[in-house]
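Novice: the following comprises the amino acid sequence and a computationally predicted model.
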Amino acid sequence: MRYKLMDLAKVIRTKNSGPFILTIDIIFKDPHIYHKLKELDYFSKKWWAEIYGIDIEDVISVIYFDPVNAVKANIKRKVPSGSPGDTDVYGAQQHAPLLGVELDV
């Protein structure tokens, strides 16, 4: 079945991890769905690169955190925080590409 990520997650957020790296957190409501997606390695570096339109080399890490049913990705920011052309100094509004994502679960 297809589900919207927004419906499966209780938290989708982004934040800076320094001026050059963006951290993305997804915390799932249902541990069974989280574990199924983790087993499939659904959130691979390739997946993040496609969602954010970046090179796979710009996906620094993908981390699953079982105690809270979460997946975290660290990606290189397209523009360093606070530099000319940056529209989100804190990196708090970079979750938008995830809002329309649908998953096959």
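Specialist: Happy to help now that I have it. Treat the numbers as computed from the prediction; the structure is a model and nothing was measured.
Novice: pull the distance from the one helix or strand residue 3 maps to to the chain's centre.
Specialist: Assigned by DSSP states H and E, residue 3 belongs to strand 2-4. In this view, strand 2-4 has its centroid 16 Å away from the chain centroid, taken as CA atoms, centre = their mean, to the nearest Å.
Novice: elements contacting that strand?
Specialist: strand 102-104 (3 or more CB pairs under 8 Å, 6 or more residues apart in numbering; DSSP states H and E). In short, each C-beta sits where N, CA and C put it, glycine included.
Novice: and the helices in the chain, which stretches?
Specialist: 5-8, 31-39, 45-52 (DSSP state H).
Novice: hmm, back to that, so what strands line up beside the strand holding residue 3?
Specialist: Partners of strand 2-4 in the sheet, by DSSP bridges, are strand 102-104 (antiparallel).
Novice: what's near enough to touch residue 95?
Specialist: 12, 13, 14, 24 (CB atoms under 8 Å, 6 or more residues apart in numbering).
Novice: may I ask which of these has the most neighbours?
Specialist: residue 24 (24 neighbours; other CB atoms under 10 Å).
Novice: what's opposite the residue nearest to it when sequence neighbours are not counted in the beta bridge?
Specialist: Among residues not flanking residue 24 along the chain, residue 73 sits closest, at 4.6 Å (CB to CB, 6 or more residues apart in numbering). Beta-bridge partners of residue 73, counted by DSSP bridges, are residue 24, residue 62.
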